[in-house]
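Engineer: Pasting the sequence and the predicted coordinates here, then a few questions.
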Amino acid sequence: MQTVILKDHITNQLNDEEFFQFCIENRDLRIERNSNLEIVIMSPTSSLSGKINTEIIRQLSNWNVLKKTGEVFDSSTGFTLPDRSVFSPDASWVSSAKWSALTEEQKNSFSPVCPEFIIEIRSKSDSFQEMHNKMNKWIMNGCQLGWLIDPLNKEVHSYKPGQSPEIVYGFTQPVYANVPVEGFVLDLSFLIA
């Protein structure tokens, strides 16, 4: 199944709460919303992408347990960004300051916060250009560091505000993070199938 974008006059008029309810009522689907308020329905991830995602979450969570500076979220977590899009990165980190500033109601919805650090994993069906565009949208909405992991080409593309993406080639060396997740190291050798 390819990505499907619903373009009609009803779905693009849903407010944030109505969109949240739409997602709850269709919880078996992977759903996001772009900045044009179009609903994006995606196919489930491949088994390999799921395996890689689990390893990334493990490493990020282990680092976070030691640092205690924020919260880690998995790929099923939606965030409402300033441009009103709702994205679900494969892994993300939100600082304790941003998380504690949210109300309980906001935490129990698609929180209106842009994670400071996100990771997206490119699957076989993802166009690199679409993933690149999505990474730029993350940065434009306030993300400080984003990694696009491409298992197909064994590359990690690192995105930061005001800079061109940097590329790490091969999964034989670790990737080192800086602000906002100073000290986080992703050991890419665990991602090799």
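Structural biologist: That came through, no problem.

Engineer: need the contact list for Val94.
Structural biologist: Gly70, Glu71, Phe73, Ser111, Val113, Pro115, Glu116 (Cβ atoms under 8 Å, 6 or more residues apart in numbering). In short, each C-beta sits where N, CA and C put it, glycine included.

Engineer: from what I can see the fourth one touches Phe79, true?
Structural biologist: Yes: with contact taken as Cβ atoms under 8 Å, Ser111 and Phe79 are classed as touching, separated by 5.7 Å.

Engineer: The two - which one has more neighbours?
Structural biologist: Ranked by neighbour count (other Cβ atoms under 10 Å), Ser111 and Phe79 place Phe79 first, with 23 against 20.

Engineer: Need the per-residue pLDDT for the residue nearest the centre of the chain.
Structural biologist: Nearest to the mean C-alpha position of the chain, by Cα atoms, centre = their mean, lies Pro89 at 1.5 Å. For Pro89, the pLDDT comes out at 97.

Engineer: do the same with Ile5
Structural biologist: For Ile5, the model assigns a pLDDT of 88.

Engineer: Secondary structure of Glu120: a strand, I assume?
Structural biologist: Yes: the assignment for Glu120 is a strand, going by DSSP: H, G, I helix; E, B strand; the rest coil.

Engineer: burial count for it?
Structural biologist: By other Cβ under 10 Å, neighbour count at Glu120 equals 25.

Engineer: just the one 5 residues further on next, same as before
Structural biologist: Around Ser125 sit 13 other residues, with neighbours defined as other Cβ under 10 Å.

Engineer: helix/strand/coil for it?
Structural biologist: Here Ser125 is recorded as coil under three-state DSSP.

Engineer: That one touches Ser43, doesn't it?
Structural biologist: Yes: counting by Cβ under 8 Å, Ser125 touches Ser43, with 6.6 Å between them.

Engineer: Quick one: the helices in the protein, in order.
Structural biologist: Per DSSP state H, the chain carries helices over the ranges 16-25, 47-67, 96-100, 104-107, 128-140.

Engineer: of those helices, which approaches Ser85 most closely?
Structural biologist: In terms of Cβ to Cβ, the element of the helices of the chain nearest to Ser85 is helix 128-140, at 6.8 Å.

Engineer: what comes into contact with the closest one?
Structural biologist: By Cβ under 8 Å, 6+ apart, helix 128-140 touches 35, 81, 83, 85, 87, 89, 114, 118, 120, 122, 146, 148, 150, 157, 159-161, 165.

Engineer: Using PDB, write down the CA coordinates of stretch 43-52.
Structural biologist: Extracted in PDB, the C-alpha atoms of stretch 43-52 (Å, rounded to 0.1, in the frame of the first residue of the first chain):
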ATOM      1  CA  SER A  43       0.900   1.600   5.300                       C
ATOM      2  CA  PRO A  44       2.300  -0.300   8.300                       C
ATOM      3  CA  THR A  45       6.100  -0.400   8.500                       C
ATOM      4  CA  SER A  46       8.000  -3.400   7.400                       C
ATOM      5  CA  SER A  47       9.400  -5.900   9.900                       C
ATOM      6  CA  LEU A  48      12.900  -4.700   9.300                       C
ATOM      7  CA  SER A  49      11.800  -1.000  10.000                       C
ATOM      8  CA  GLY A  50      10.100  -2.200  13.100                       C
ATOM      9  CA  LYS A  51      13.200  -4.000  14.300                       C
ATOM     10  CA  ILE A  52      15.400  -1.000  13.600                       C
END
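
Engineer: Thanks a lot, see you next time.
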